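Q: Generate coordinates for the sequence data below:
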Amino acid sequence: RRNGIIKKAREISILCESQVSVVIFSSSGKMSEYCSPSTTLPKILERYQTNSGEKLWDAKHESLSVEIERVKKENDNMQIELRHLKGEDLNSLYPKELIPIEEALQIGLTSVREKQMEIWKMHKKNEKFLEEENKQLTY
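A: All right, here's what the predicted structure looks like:
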């Protein structure tokens, strides 16, 4: 029966040149679906909500949607900032916008140099330790 219903949905979609979507849940919880090739289920649900005036999504879903959009914008801004820190797309920036980038890079450079010095001192210390151990072994 399920396959028959999906077959009829395909036929209606083709014969009537309409957008059709069918979602079927069996008693065991298995889901079957069909959606016209020219559309998607979210688009059909959006049209249904617009035409019927019924809200399909509650306030929780609305706030999640807003949060997703906020995170996407934040991600985009961070990617732009990362490109700027890499030295890309700097032509679009004003001199005042370059100053914080320069400061951030300077702080990063200082941090890297401090870490290098720390590693270099550790290597020197290990080198002296190994030389002393080598001297003791030769005696």
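
Q: Put the alpha carbons of stretch 68-78 into CSV.
A: In CSV, the C-alpha atoms belonging to stretch 68-78 read as follows (Å, rounded to 0.1, in the frame of the first residue of the first chain):
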residue,chain,number,x,y,z
ILE,A,68,21.6,29.1,13.9
GLU,A,69,21.6,32.3,11.9
ARG,A,70,23.5,34.2,14.6
VAL,A,71,26.2,31.4,14.7
LYS,A,72,26.4,31.4,10.9
LYS,A,73,27.0,35.1,10.9
GLU,A,74,29.6,34.8,13.7
ASN,A,75,31.3,32.0,11.8
ASP,A,76,31.4,34.2,8.6
ASN,A,77,32.9,37.1,10.6
MET,A,78,35.5,34.8,12.1
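
Q: name the helices or strands packed onto the longest helix along the chain?
A: Secondary structure assigned by DSSP state H gives helix 95-138 as the longest helix of the chain. Helices and strands touching helix 95-138, by 3 or more C-beta pairs under 8 Å, 6 or more residues apart in numbering; DSSP states H and E, are helix 59-85. C-betas here are computed from N, CA, C, even on glycine.

Q: so where is this structure shaky, pLDDT-wise?
A: Applying pLDDT under 70 to the chain picks out residues 59-60.

Q: Give me the angle between the longest helix of the chain and helix 59-85.
A: Using axes from the mean of the first three to the mean of the last three C-alpha atoms, to 10 degrees, the direction of helix 95-138 lies 70 degrees away from that of helix 59-85.

Q: for helix 95-138, the distance to its chain's centre please.
A: Relative to its chain's centre, helix 95-138 lies at 34 Å (C-alpha atoms, centre = their mean, to the nearest Å).

Q: Neighbours of the residue nearest to residue 93 when sequence neighbours are not counted, how many?
A: Leaving out its chain neighbours, the residue that sits closest to residue 93 by C-beta to C-beta, 6 or more residues apart in numbering is residue 84, at 6.9 Å. Neighbour count of residue 84, defined by other C-beta atoms under 10 Å: 19.

Q: repeat for residue 36
A: 20.

Q: Now for it: which residues touch it?
A: By C-beta atoms under 8 Å, 6 or more residues apart in numbering, the contact set of residue 36 is 13, 18-21.
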